[in-house]
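# Sequence and computational prediction follow.
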Amino acid sequence: MLNAISHAVNFHFPEMKICYVKAENFANEFITSLQRKSVDEFHDKYRNNIDLFLVDDIQFIAGKTQTEEEFFHTFNSLVDNGKQIVLTSDRPPKEIQSLTERLCSRFESGLLADIQSPEFETRCAIIKRKAQILDFEIDDKIVEYIAENIKTNIRQLEGITKKLQAMCKFSEQAPTMSLAQAAIKDVQTFVKPIGDVINKIVDEVSRTTGVSVDDIYSKKQTSDVNVARKMCFYIIREVTDMSFKAIGEKFKRDHSTVMYNVEKFSETLKKDSTLNYQVNDIINNVKEF
């Protein structure tokens, strides 16, 4: 991972400068600029040298007062200068709790598009396009098999195509149905009913931590219960496409609470090798069931 001061990616085309950044990294970089007293450089980077600004997971800045204020002025500066801004989030602006009203109104002033999971034909086209880029010949029946089994995640479709190519290369054979089945094995959990996946995750966390399933879903705030609950939130985010809001609804928690717990648990994992091992073990068990 790049350091916080250089998370944005700039693409230079003959007539356009494009900058992509995750909202979380925008926030971290802004905080760093305050600490280093280099806000002018931050402003120059995001306000003066961009034609198209792409920001992923904008819901992350909700509730972060200073970051929201900074993004508000950055947004206005770019728009006033005729620049283009594209934002993505896991829900419509009006459903992003803790987002200031003025930012919400700014976001809703543009074109809103609800991007659904790709249809079968589109999934097939994505696989074929990725194979073409990789110079990898793949039979239509195998393409259709992958498209039938992976229905929601474009990155998975591309990743499986790349994985299948690597398997064929190492085994020195043409792509077969059995190789395709092996390639998608690791992500088969995604095509199971989401309720079954969540139940499996909670059961595995309960078994590992010794905290009962009832306590995980309860309002208890003891240390062991909190750790188990955070572990559930984190693993669900790792192995499913559920939004923070959807997870919160399942556990009767606010989406911002889930987001915060996932972030904190992720930080803890980096420092606790035992906990990291437990989480990886649970993820593997969930993928195999």
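Good, I have the coordinates. Numbering: from 1, shown residues only.
# how many other residues sit next to residue 175?
Residue 175 sits with 21 neighbouring residues when counted by other Cβ atoms under 10 Å. C-beta: built from backbone N, CA, C; applies to glycine.
# Am I right that it is in a strand?
No: Residue 175 sits outside any strand when classified using DSSP: H, G, I helix; E, B strand; the rest coil, being coil.
# what's the spacing between it and residue 139?
Shown here: residue 175 relative to residue 139, a distance of 7 Å by Cβ to Cβ, to the nearest Å.
# Then residue 62?
Here residue 62 is placed at a distance of 46 Å from residue 139 (Cβ to Cβ).
# try residue 195
Computed as Cβ to Cβ, the residue 195 to residue 139 distance reads 34 Å.
# Same question for residue 72.
52 Å.
# go on, residue 255?
Counting by Cβ to Cβ - residue 255 and residue 139 are separated by 43 Å.
# ok, those two, which is more surrounded?
residue 255 (22 against 13).
# Pull the contacting residues for that one.
97, 243-245, 247-248 (Cβ atoms under 8 Å, 6 or more residues apart in numbering).
# Of those residues, which is the nearest to residue 143?
Minimum separation from residue 143 among the contacts of residue 255 (Cβ to Cβ) is found for residue 243, which lies at 29.0 Å.
# okay but the closest one is in contact with residue 89, surely?
No: the criterion here is Cβ atoms under 8 Å, and residue 243 misses it with residue 89 at 9.2 Å.
# Contact partners for residue 76?
residue 106.
# Just the element for it, please.
Element membership for residue 76 (DSSP states H and E) is helix 65-80.
# Report the distance from that helix to the chain centre.
On the basis of Cα atoms, centre = their mean, to the nearest Å, helix 65-80 sits 23 Å off its chain's mean C-alpha point.
# Show me which residues of that helix are buried.
67-68, 70-71, 74-75, 78 (16 or more other Cβ atoms under 10 Å).
# how about those residues in JSON lines, adding distance to residue 236?
Below are those laid out as JSON lines (distance: Cβ to Cβ, whole Å):
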{"residue": "67", "distance to residue 236": "26"}
{"residue": "68", "distance to residue 236": "27"}
{"residue": "70", "distance to residue 236": "31"}
{"residue": "71", "distance to residue 236": "28"}
{"residue": "74", "distance to residue 236": "32"}
{"residue": "75", "distance to residue 236": "32"}
{"residue": "78", "distance to residue 236": "35"}
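# Which stretches in the stretch 1-150 of the chain count as strands?
For the stretch 1-150 of the chain, the strands defined by DSSP state E, counting those that start in this stretch cover 9-13, 16-22, 52-56, 84-87.
# nearest to residue 212, of these?
Within the strands of the stretch 1-150 of the chain, the stretch nearest residue 212 is strand 16-22; the backing value is 36.2 Å (Cβ to Cβ).
# show me where pLDDT drops low in the protein?
Where the chain drops to pLDDT under 70, the residues are 1-14, 97, 152, 186-192, 288-289.
# Which stretches in it count as helices?
In the chain, the helices defined using DSSP state H lie at 23-36, 39-43, 65-80, 101-108, 120-133, 140-149, 154-171, 177-184, 194-209, 213-217, 223-239, 244-251, 255-271, 273-288.
# To residue 54, which of the ones you listed lies closest?
helix 23-36 (10.8 Å).
# Roughly how far does the residue nearest to residue 176 when sequence neighbours are not counted sit from residue 255?
Nearest non-adjacent residue to residue 176, counting by Cβ to Cβ, 6 or more residues apart in numbering: residue 142, 7.6 Å away. For residue 142, the distance to residue 255 (Cβ to Cβ) stands at 39 Å.
# next one: residue 240
According to Cβ to Cβ, residue 240 stands 15 Å off from residue 255.
# Can you give the distance of stretch 56-72 from its chain's centre?
Remark: stretch 56-72 is offset 17 Å from the chain centroid, using Cα atoms, centre = their mean.
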